[in-house]
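Asker: coords below, sequence missing:
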């Protein structure tokens, strides 16, 4: 993992090869969300069990005083939903979904974009001649987006940066300029 949350990729480059590591879902923010959802789900399940058994299984409050129908039953349903969501979140974190590498190789004339998915490895190969530009997308507001993408001839734009937390603008511009210079294509969106 990179030394800082804000770092989205580390680059290694030679004269004919540029590689960019892309962070996946194994980030501190995702682990914290998964911990909170897991704790909440466990709390709801213990509250439901306490109301059913008549014994306080939690050290705070008096969940045994709740009627099982409807309060305890609803708490149990919330608990089951939270545990299922937490299981999904932990699976995504454990598999590091979205992690991968962007590899641009001038000697072979090919760009390879690789990402981890649930059941497979996504591997997209693009001839370097088909890359028209490096596109920088910046959208601020309620749902901000900061990403680099490749404008490819005859295809939709191919995203290169991670999903989730927006990258710092200076780092995004630096990575975009470095890639555009390496590929010999224009940088769009500034």
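Answerer: Looks like it came in fine. Remember, predicted model here, so these are calculated numbers, not experimental data.

Asker: so what's residue 115 bridging to?
Answerer: residue 100, residue 122 (DSSP bridges).

Asker: show me what contacts it?
Answerer: Neighbouring residues of residue 115 by Cβ atoms under 8 Å, 6 or more residues apart in numbering: 22, 24, 98, 99, 100, 121, 122. From N, CA and C alone the C-beta is placed, and that goes for glycine too.

Asker: let's see that with 6 Å instead.
Answerer: By Cβ atoms under 6 Å, 6 or more residues apart in numbering, residue 115 lies in contact with 98, 100, 122.

Asker: scan those residues and report the most crowded one.
Answerer: In terms of neighbour count, residue 100 stands highest of the contacts of residue 115 at 23 neighbours, by other Cβ atoms under 10 Å.

Asker: pretty sure that one contacts residue 117?
Answerer: No: Residue 100 lies out of contact with residue 117 (Cβ atoms under 6 Å); the separation is 9.6 Å.

Asker: relative to residue 60, how far out is residue 98?
Answerer: Residue 98 is 37 Å from residue 60, where distance means Cβ to Cβ, to the nearest Å.

Asker: swap that for residue 167, sorry
Answerer: As judged by Cβ to Cβ, residue 167 and residue 60 stand 40 Å apart.

Asker: next, the buried residues of stretch 42-58.
Answerer: Under the neighbour-count criterion of 16 or more other Cβ atoms under 10 Å, stretch 42-58 has 43, 44, 45, 46, 47, 48, 49, 50, 51, 52, 56 buried.

Asker: check which helix or strand covers the residue nearest in space to the middle of the chain.
Answerer: Here the mean C-alpha position of the chain is nearest to the C-alpha of residue 25 (Cα atoms, centre = their mean), at a distance of 4.1 Å. Using DSSP states H and E, residue 25 sits in no helix or strand.

Asker: mind listing what it touches?
Answerer: Taking Cβ under 6 Å, 6+ apart as the criterion, residue 25 is in contact with 92, 93, 96, 97, 98.

Asker: and the first one, how many neighbours?
Answerer: Counted with other Cβ under 10 Å, the burial measure for residue 92 works out to 17 neighbours.

Asker: distance of the closest residue in space to residue 150 that isn't next to it in sequence from residue 140?
Answerer: Counting by Cβ to Cβ, 6 or more residues apart in numbering, residue 150 lies nearest to residue 158, which is 4.3 Å off, once chain neighbours are set aside. Look at residue 158 and residue 140: by Cβ to Cβ, they are 23 Å apart.

Asker: continuing past the helix or strand bottoming out on mean pLDDT in the chain, what's the next helix or strand?
Answerer: Lowest by mean pLDDT, DSSP states H and E among the helices and strands of the chain is strand 11-13, with a mean of 59. With elements assigned by DSSP H and E, the helix or strand that comes after strand 11-13 is strand 17-22.

Asker: show me what that next one is packed up against.
Answerer: Counting contacts by 3 or more Cβ pairs under 6 Å, 6 or more residues apart in numbering; DSSP states H and E, strand 17-22 packs against strand 100-105.
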